[in-house]
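mind folding the following:
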Amino acid sequence: MANEEKAEGGFEIHPFDQFEVKNLFNDGPVAWYSITNVTLWMALAVVCVFLLLVMSTKGRAIIPTRGQSIAELAYGFVYKMVVDVAGKDAVKFFPYIMTLFMFIVLANFLGLIPMSFTTTSHFAVTVVLALAVFITVTVVGFARNGAGFLSLFWVASAPLPLRPVLAIIEVISYFVRPVSHSIRLAGNIMAGHAVIKVFAGFAASAVIAPVAILGITAFYALEVLVAFIQAYVFTILTCVYLKDALHPHH
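Predicted coordinates:
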């Protein structure tokens with residue numbers, strides 16, 4: 001009864017309803033095989049990556065089209081990032097890092113479309129991406145350096161009595177990487193979308209609607225920037241972790 005009176009006397013704002021995972025073809029519970037809004041928008045992100053990087057560049061025109069220009073700019077941007085951060089011997093991992101960056105940035109941008117779903121706001125998605133990076137980096141580290149990869153945790157420049165303590169801290173820090181890697185992306189994307197939804201709720205009031213609409217516009221512009229920055233941060237951290245695997249002694 002109290003909820004009904006509240007709904008009648010004013011308006012309610014539910015900023016986190018937009019992150020609810022729903023079945024697309026039925027109203028039943030979500031199972032591992034269900035086709036959901038998450039599935040749909042992840043598939044659309046993959047399709048967009050394919051269209052941008054494959055279909056728009058297949059002509060290899062001397063005078064590039066808009067799509068080809070964007071693809072070439074993205075290619076050069078990520079390639080330079082990999083070389084500058086992880087070194088030239090990390091170029092063999094460029095296809096993986098490029099795919100990772102393009103998927104995240106396009107998923108973030110797709111999430112800004114009204115009535116869409118932001119897949120990177122879900123920890124289930126970002127944790128998988130972060131764990132894939134963590135496992136890849138760990139396997140590469142041991143495959144390339146053998147037991148020498150463990151030198152990453154031994155701070156040789158520190159005083160000898162402190163080295164065991166620092167080694168424990170470094171090990172804990174290493175295994176926390178996928179947690180911080182995933183939370184940073186999902187948390188920032190979720191927070192921005194929630195704030196926009198709150199302003200949209202206040203826009204229902206005629207008194208503060210102009211201020212609310214101004215706030216929505218400002219935060220939407222900020223979220224466009226955040227969508228790119230968070231993809232960049234996730235990717236550059238991947239490059240940093242890869243550098244540790246390739247050069248643990250540095």
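
longest single helix anywhere in the chain?
Counting residues, the longest helix found in the chain (DSSP state H) is helix 163-202.

flag every buried residue along that helix.
163, 166-167, 174, 177-178, 181-182, 184-186, 188-190, 192-200, 202 (16 or more other Cβ atoms under 10 Å). (Each C-beta comes from the backbone N, C-alpha and C, glycine too.)

and the helix or strand following it with helix 163-202, angle?
Per DSSP states H and E, the first helix or strand lying C-terminal to helix 163-202 is helix 209-246. Counting by axes from the mean of the first three to the mean of the last three Cα atoms, to 10 degrees, helix 209-246 lies at 160 degrees to helix 163-202.

thought residue 30 was touching residue 20?
No. The criterion here is Cβ atoms under 8 Å, and residue 30 misses it with residue 20 at 9.8 Å.

neighbour-wise, which of these two wins?
Between residue 30 and residue 20, residue 30 has the larger neighbour count (other Cβ atoms under 10 Å), namely 15 against 11.

so the more buried one sits in a strand?
No. Using DSSP: H, G, I helix; E, B strand; the rest coil, the assignment for residue 30 is coil, not a strand.

what's the weakest-modelled helix or strand in this protein?
helix 2-9 (a mean of 44; mean pLDDT, DSSP states H and E).

rewinding a little: so which elements touch the longest helix of the chain?
helix 123-145, helix 209-246 (3 or more Cβ pairs under 8 Å, 6 or more residues apart in numbering; DSSP states H and E).

closest one to residue 57 among these?
The closest approach between residue 57 and any of these, judged by Cβ to Cβ, belongs to helix 209-246 at 19.9 Å.

and that closest one with helix 123-145, angle?
Going by the same axes, to 10 degrees, helix 209-246 makes 20 degrees with helix 123-145.

in TSV, list the helices and strands packed on helix 163-202 along with mean neighbour count.
Below are the helices and strands packed on helix 163-202 laid out as TSV (neighbours: other Cβ atoms under 10 Å):
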stretch	mean neighbour count
helix 123-145	17
helix 209-246	17
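
need those helices in JSON lines (columns: distance to residue 50).
Formatted as JSON lines, the helices and strands packed on helix 163-202 follow (distance: least, Cβ to Cβ, whole Å):
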{"stretch": "helix 123-145", "distance to residue 50": "18"}
{"stretch": "helix 209-246", "distance to residue 50": "17"}
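
residue 43 is nearest to which of those?
helix 123-145 (12.6 Å).

any idea of the mean pLDDT in that closest one?
For helix 123-145, the mean pLDDT works out to 94.

and what of stretch 173-185?
94.

any idea how far it is from the chain center?
How far stretch 173-185 lies from its chain's middle: 12 Å, per Cα atoms, centre = their mean, to the nearest Å.

is it true that residue 115 lies in a strand?
No. Assessed with three-state DSSP, residue 115 is coil; it does not lie in a strand.
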